[in-house]
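[1] got a sequence here, can you build the structure:
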Amino acid sequence: MSGETARSRLFVQSVEKCFAVLEAFQGARYLSLQEISQRCGHDKSTCQRMAHTLAQLGYLDQCETTRRYVLADRVLDLSYHLLRNHPLIERATPILMDLRRACDARVDLSFFSRASLVYALRLQARAEPYYTNLVGRRIPLFCSAGGRAVLAALAEPEARALVEAEDRRPLTRFTRTEAEAVMEAVAVARRDGYAVAAHEVIEDEVVVAVALLDGARRPFGALHVAGEAGRWSDPEAVARALPGLMRAAALVSGAA
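    Here you go, the predicted model:
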C-alpha cells in the first residue's frame, strides 16, 4: 500500500479542519469567525462548529462582548509535555546553561522542522525584548545563522532547493533575500563549520550558530549564541565564543 493510499484511507479531514482553526491564530490574538474562515480556508459554518468544540475543550476562549476567539492556556499544556518529556531537551539544558555562563549571551536550541527552524529552548542572559525569548517561534532557514548552519550540513542541491522554495521576505532592512547571496553565505558556513548572521532576523543582533547532527550526519537542529551588535560585531568576540559553542553542539548531539 502506498503512503498516499494509506493517508487517504486513514486521514481524518475533520481533525485537519480543527487544527486549521488553531493555526489560523498565527500572528493574531483575537479573531472573529469570519476571520478564522478567511485564514483557514473553510466555510464559516464549519469554523463555527470547530471553534465551539475547541472552546468547550479549553483550547480557545471566546470574548462574551465581541464574540471573538483567542487561544486559551490549554494550548500550552501540549508544549509543556513535549518539552518536559523530550530527552534531548533534558540533556541539552545543563549544557546550554554552562554555555550561557561562558559566553554571557543568550543561548538557543532550535529544531529543524518543516523546512524552517523552531526554537525549543532559550536561555536569556540579560534584558531583551520578550519575543526573543519565547519557545515555539519559527524562523526561516535562509536568513538565520542557525538556518544557514543547517543548510550547510546538507548537500548543496538539497540546500538550494530549500532556499529557492522559501518565501524569502525580509525580516529587517539588512536581510539578504536573493537566492545566490544566501547560497554564498551557506557556502561560507559549510567551509567554516559555523554560520554568522548580523541584523538579518533582529536588527542590532549578531548570531553565531552550529548545526546539530545525528548519527548519519544529518542536521536535526542548531545551537545559537546571540548578542548585541556592539559586542559581537568584533570577529574576535565570535572567535572566543566558538570553542564553547562547538563543544556544546557536540555534547548535545551525543558526539562528545
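
[2] quick one: pLDDT of the residue nearest the centre of the chain?
    In the chain, the residue lying closest to the centroid (C-alpha atoms, centre = their mean) is residue 118, at 1.7 Å. Here the pLDDT value assigned to residue 118 is 95.

[3] what about the helices in the stretch 101-250 of the chain?
    145-152, 156-165, 179-192, 229-232, 235-253 (DSSP state H, counting those that start in this stretch).

[4] point out the most buried one among those.
    A comparison of the helices of the stretch 101-250 of the chain by mean neighbour count, using mean count of other C-beta atoms under 10 Å, puts helix 145-152 on top with a mean of 30. Heads up, the C-betas are built off the backbone N, CA and C, glycines and all.

[5] which residues outside stretch 239-253 are in contact with it?
    88, 91-92, 95-96, 98-99, 102-103, 105, 109, 193-194, 208, 210-214, 223, 225, 256 (C-beta atoms under 8 Å, 6 or more residues apart in numbering).

[6] of those residues, buried ones?
    Buried residues within the contacts of stretch 239-253, counting neighbours by 16 or more other C-beta atoms under 10 Å: 88, 92, 95-96, 99, 102-103, 105, 109, 194, 208, 210-213, 223, 225.

[7] residue contacts, the closest residue to residue 72 other than its chain neighbours?
    Once flanking residues are discounted, residue 72 sits nearest to residue 61: 4.5 Å by C-beta to C-beta, 6 or more residues apart in numbering. Residues counted as contacts of residue 61 (C-beta under 8 Å, 6+ apart) are 55, 69-72.

[8] in helices, which of those residues appear?
    Judged by DSSP state H, those include residue 55 as members of helices.

[9] show me which of the contacts of residue 61 is closest to residue 151.
    residue 71 (31.5 Å; C-beta to C-beta).

[10] sec struct for the nearest residue to that closest one once chain neighbours are set aside, please.
    Excluding its sequence neighbours, the residue lying closest to residue 71 (C-beta to C-beta, 6+ apart) is residue 25, at 5.2 Å. State at residue 25, reduced to three classes by DSSP: H, G, I helix; E, B strand; the rest coil: coil.

[11] strands along the stretch 1-150 of the chain, start to end?
    Along the stretch 1-150 of the chain, counting by DSSP state E, counting those that start in this stretch, strands occupy 60-62, 69-71, 106-113, 116-123, 138-139.

[12] most packed of those strands?
    Highest mean neighbour count among the strands of the stretch 1-150 of the chain (mean count of other C-beta under 10 Å): strand 106-113, with a mean of 23.

[13] how near is residue 232 to residue 60?
    Going from residue 232 to residue 60 by C-beta to C-beta, to the nearest Å gives 41 Å.

[14] er, residue 228 I mean
    When residue 228 is compared with residue 60 (using C-beta to C-beta), they lie 38 Å apart.

[15] any stretches of this protein with poor pLDDT?
    Scanning the chain for pLDDT under 70 picks out 1-7, 127-132, 233, 255-256.

[16] tally of neighbours for the closest residue in space to residue 106 that isn't next to it in sequence?
    Leaving aside its sequence neighbours, residue 106 sits nearest to residue 226 (C-beta to C-beta, 6+ apart; 4.5 Å). Using other C-beta atoms under 10 Å, residue 226 has 25 other residues around it.

[17] looks like residue 226 contacts residue 200 (just checking).
    No: the criterion here is C-beta atoms under 8 Å, and residue 226 misses it with residue 200 at 11.8 Å.

[18] ok so, going back, contacting residues for the residue nearest to residue 106?
    Counting by C-beta under 8 Å, 6+ apart, residue 226 has contacts 105-108, 132, 205-208.

[19] report the two of those residues separated the most.
    132 and 208 (15.4 Å).

[20] how close does residue 239 get to residue 197?
    Relative to residue 197, and taking C-beta to C-beta, residue 239 is found at 16 Å.

[21] returning to what we had before: now the strands of the stretch 1-150 of the chain as JSON lines including distance to residue 153?
    JSON lines is the format used below for the strands of the stretch 1-150 of the chain (distance: least, C-beta to C-beta, whole Å):
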{"stretch": "strand 60-62", "distance to residue 153": "39"}
{"stretch": "strand 69-71", "distance to residue 153": "34"}
{"stretch": "strand 106-113", "distance to residue 153": "9"}
{"stretch": "strand 116-123", "distance to residue 153": "13"}
{"stretch": "strand 138-139", "distance to residue 153": "17"}
